[in-house]
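Curious how this folds, go ahead:
(one chain, ligands or ions: 3)
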Amino acid sequence: MKVSFSEAAYPKSGALVVGVLADKKLTDSARRVDKKTGGAINRALKASKFKGRKGQWLDIVGPSGVSASRVSLVGLGKAEGLDDLALESIGGSIHKNLAKKGDTKISILWEDVKGAPVTGKDAAARLAYGLSLASYSFDKYHTKKNDEDSGGLREAVVMAKEPQACTRAYGALAKIADGIFLTRDLVSEPANVIFPVSLAKECRKLSKLGVKVEVLSPAKMKKLGMGALLGVGQGSANESQMVIMQWNGAGARKKPVAFVGKGVTFDTGGISLKPAAGMEDMKWDMGGSGTVIGLMKALAGRKAKVNAVGIVGLVENMPSATAQRPGDVVTSMSGQTIEVINTDAEGRLVLADALTYVQSRFKPETIIDLATLTGAIIISLGHEYAGLFSNNDDLAAQLTVAGEAEGEGVWRMPLGPDYDKLIDSDIADIRNTGKGRAGGSITAAQFLLRFIENDTPWAHIDIAGMAWSNKARDTVPKGGTGYGVRLLNRFVADNYEKK
Ligand code: BES
Ligand code: MN
Ligand code: ZN
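Numbering: from 1, shown residues only. Ligands and ions are numbered 1, 2, ... in the order given. Okay, here's the model as predicted:
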């Protein structure tokens, strides 16, 4: 959807939206439109249950005095609650309520609300950002486009003071949205379209933005000793790949921050085969890599002053005559041997070699990995928080703060020697599962920690409950959520770019 800004003017067509505060308190814009329509807003408020609660909605269809198709009231809640996230979710409700009502254009008459924490161009830009994030849809495979479903809505104009300044403020946010949309697209694509080689090709497209992109072939990975990653992919007809993306926006001598993503383009479980019900969900088992790729796009798009490396391990986990067996022992790039107790605990095997590679080549200052790693994290935290594991309290705190600010929460989980013991193997250095199902997300994180060298600050974010959603939220439609792009973009902005 096209989003733009302009000076206030009554639109010739389409919907006209104005805000109403809690307890039916009209904003300046609403008061203006009420006058223009001969009191239509006050009459409608009297005749309805609309109170002005945040996100509440009331349509006044075909009012006299204006040529708009409708005047729509959106509840803003209390003025003091109008922070960034509230403005975004109001933008989201505007989209939700008008997407399917037949208008092709929305005009929002926006004026500063007294007592609101965010005002001016920043408020108008946030509103537009929310609208844009909510307007995302993945419908390329519907061959019969019907306006009932897609709504036909094409354009939103936020009418606010200093539209040029608003456009600039929105521009930076729109670059982040571009990254989020890429992640959502990649996660939503089916596994016959997105497999390791095709996903690597998507990464290559980032070179247009100035990202340096390298792809490691299976032969190259074999030479490097990546037996853990290659073991996972060996049952698939699709070659495994590793992609290294570098964005160098800070001085050449500055150590990078590294983002590592699990990219299992389809996870059948391998020989430890998953049950059929719900297996289609495993097309989004590349969600961690999707987030890393979207993040690199956002950072490069807005020319972030940071040196960032994004690494994704791309494999398909299939059962076949060449697939690895439960009980196989593989040697990782780190030299540590791993007993593969369960071929469905494959993500940690992929990440192990990616973590070793990124450390040996880049000596990063900080490492953050993202993965749809365990079903157990969904049992722990549901779909409200991602699981955060870290060997460093400062890093954990920075990520928690960033998540809070962006509405992409992380919740810290424990690590410790008693959990670590559970992944000792009788015949190799490490086993790839704990003993039984207890603490499944924690033993997975302990496994990753065995591949972190010299106490490098590291965080693992288990996004199994967050990468996909079956329920639409204000600014996140159903499907691939793009979770993590905002969180990590903010983490970079606050902790690397302000120094
Ligand atoms: N990709 C799955 C985890 C997952 C499950 C993500 C559900 C999203 C939704 C992962 O590879 C996996 O299969 N983990 C196993 C580990 C077990 C075998 C130790 C799990 O969680 O059951
Ligand atoms: Mn698995
Ligand atoms: Zn998996």
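
what residues are up against the closest residue to ligand 3 within the stretch 351-499 of the chain?
Nearest residue of the stretch 351-499 of the chain to ligand 3 (CB to the ion) works out as T372 at 6.2 Å. Every C-beta, even on glycine, is put in place using the N, C-alpha and C of the backbone. Going by CB atoms under 8 Å, 6 or more residues apart in numbering, T372 touches K262, V264, W284, D285, G287, G288, G347, D462, I463, A464, A467.

So which of those residues are in strands?
Using DSSP state E, K262, V264, D462 are the members of these that sit in strands.

Is there a neighbour count for the residue of the stretch 1-150 of the chain found nearest ligand 2? I'd like the number.
The minimum distance from the stretch 1-150 of the chain to ligand 2, using CB to the ion, falls at F138 (23.8 Å). Other residues lying near F138 total 16 when counted by other CB atoms under 10 Å.

circling back: report the entries of the contacts of T372 that also contact ligand 1.
Counting by CB under 6 Å from any ligand atom, the subset of the contacts of T372 that neighbours ligand 1 consists of D285, G347, A464.

okay, these in a markdown table with neighbour count and pLDDT next?
Listed next are the ones next to ligand 1 among the contacts of T372 as a markdown table, based on neighbours: other CB atoms under 10 Å; pLDDT from 0 to 100:
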| residue | neighbour count | pLDDT |
| --- | --- | --- |
| D285 | 29 | 98 |
| G347 | 29 | 99 |
| A464 | 28 | 98 |
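
Quick one: residues contacting the spatially closest residue to the residue of the stretch 1-150 of the chain closest to ligand 2 that is not a sequence neighbour.
Nearest residue to F138 in three dimensions, chain neighbours excluded: S188, at 4.2 Å (CB to CB, 6 or more residues apart in numbering). Applying CB under 8 Å, 6+ apart to S188 gives the contacts F138, W284, G479, G480.

Could you check the pLDDT of S188?
You'll see S188 listed with a pLDDT of 98.

I430 too?
Confidence score, pLDDT, at I430: 98.

show me the residues around it that make contact.
Q336, T337, I338, E339, I423, D424, F447, R450.

Any figure for the gap between the first one and G152?
Q336 sits 57 Å away from G152, taking CB to CB, to the nearest Å as the criterion.

List the contacts of the residue in the stretch 251-400 of the chain that ligand 3 sits nearest to.
Minimum separation of the stretch 251-400 of the chain from ligand 3 (CB to the ion) falls at D267, amounting to 3.7 Å. Applying CB under 8 Å, 6+ apart, one finds that D267 lies in contact with K274, M282, D285, N317, D344, E346, G347.

for V158, same thing?
Counting by CB under 8 Å, 6+ apart, V158 has contacts V3, S4, F5, S6, I108, W110, A124, L127, A128, L131, C166.

among those, which are in strands?
Using DSSP E, the contacts of V158 in strands are V3, S4, F5, S6, I108.

Can you get me a residue count around the fourth one?
Using other CB under 10 Å, the number of residues around S6 comes to 14.

and if you look at the second one?
As a burial measure, the neighbour count of S4 was computed by other CB under 10 Å and equals 14.

Using the three-state scheme, assign the closest residue to it other than its chain neighbours.
When the adjacent residues along the chain are set aside, S4 lies closest to V157, with 5.5 Å between them (CB to CB, 6+ apart). Assigned by DSSP: H, G, I helix; E, B strand; the rest coil, the conformation of V157 is strand.

Report the beta-bridge partners for V157.
Under DSSP bridges, the beta-bridge partners of V157 are S4, S107.

you'd agree it is up against W110?
No. The criterion here is CB atoms under 8 Å, and V157 misses it with W110 at 10.1 Å.

Looking at those two, which one has more neighbours?
W110 (24 against 20).

picking up where we left off before, show the contacting residues for the residue of the stretch 1-150 of the chain closest to ligand 2.
Here F138 is in contact with R184, D185, S188, G479, G480 (criterion: CB under 8 Å, 6+ apart).

Roughly how far does it sit from R184?
7 Å.

now F5
In terms of CB to CB, F5 sits 25 Å off from R184.

neighbours of G313, just the number please.
35.

What of the one 10 residues further on?
In terms of burial, A323 registers 21 neighbours under the definition other CB under 10 Å.

Next: K144.
K144, neighbours per other CB under 10 Å, totals 5.

do R302 as well
20.

these two touch, right, it and I176?
Yes. If you go by CB under 8 Å, R302 and I176 touch, sitting 6.9 Å apart.

circling back to that earlier point, distance-wise, check the residue of the stretch 351-499 of the chain closest to ligand 3 relative to ligand 2.
9 Å (CB to the ion, to the nearest Å).

which two from the contacts of V158 end up farthest apart in space?
Greatest spatial distance in those: S6 and L131, 14.7 Å, computed using CB to CB.

Quick one: the helices in the stretch 151-300 of the chain, in order.
Along the stretch 151-300 of the chain, counting by DSSP state H, counting those that start in this stretch, helices occupy 163-188, 196-204, 218-223, 227-233, 287-301.

what comes up buried for the first one?
Buried residues in helix 163-188, defined by neighbour count with 16 or more other CB atoms under 10 Å: 163, 165-167, 169-170, 173-188.

Name all residues that make contact with the closest residue to ligand 2 within the chain.
Ligand 2 sits closest to D344 of the chain, with a gap of 3.9 Å, by CB to the ion. When contacts are counted by CB under 8 Å, 6+ apart, D344 touches D267, G269, G270, S272, L273, K274, N317.

got a winner among these for most neighbours?
N317 (29 neighbours).

isn't that residue right next to N238, touching?
No. With contacts counted by CB under 8 Å, N317 stays clear of N238, the gap being 10.5 Å.

ok so, going back, can you narrow the contacts of D267 down to the ones near ligand 3?
D285, G347 (CB under 5 Å from the ion).

would JSON lines of the contacts of D267 with distance to G233 be doable?
Output for those, formatted as JSON lines (distance: CB to CB, whole Å):
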{"residue": "K274", "distance to G233": "17"}
{"residue": "M282", "distance to G233": "15"}
{"residue": "D285", "distance to G233": "13"}
{"residue": "N317", "distance to G233": "8"}
{"residue": "D344", "distance to G233": "14"}
{"residue": "E346", "distance to G233": "9"}
{"residue": "G347", "distance to G233": "12"}
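
rewinding a little: out of the ones in strands among the contacts of T372, the closest to K498 would be?
Closest to K498, out of all of the ones in strands among the contacts of T372 and judged by CB to CB, is D462, at 27.9 Å.

quick one on the thing from earlier: adding pLDDT, distance to V329 and secondary structure, write the contacts of I430 out as CSV.
What follows is those, written out as CSV (pLDDT from 0 to 100; distance: CB to CB, whole Å; DSSP: H, G, I helix; E, B strand; the rest coil):
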residue, pLDDT, distance to V329, secondary structure
Q336, 99, 11, coil
T337, 99, 6, strand
I338, 99, 7, strand
E339, 99, 5, strand
I423, 98, 14, helix
D424, 98, 14, coil
F447, 99, 15, helix
R450, 99, 15, coil
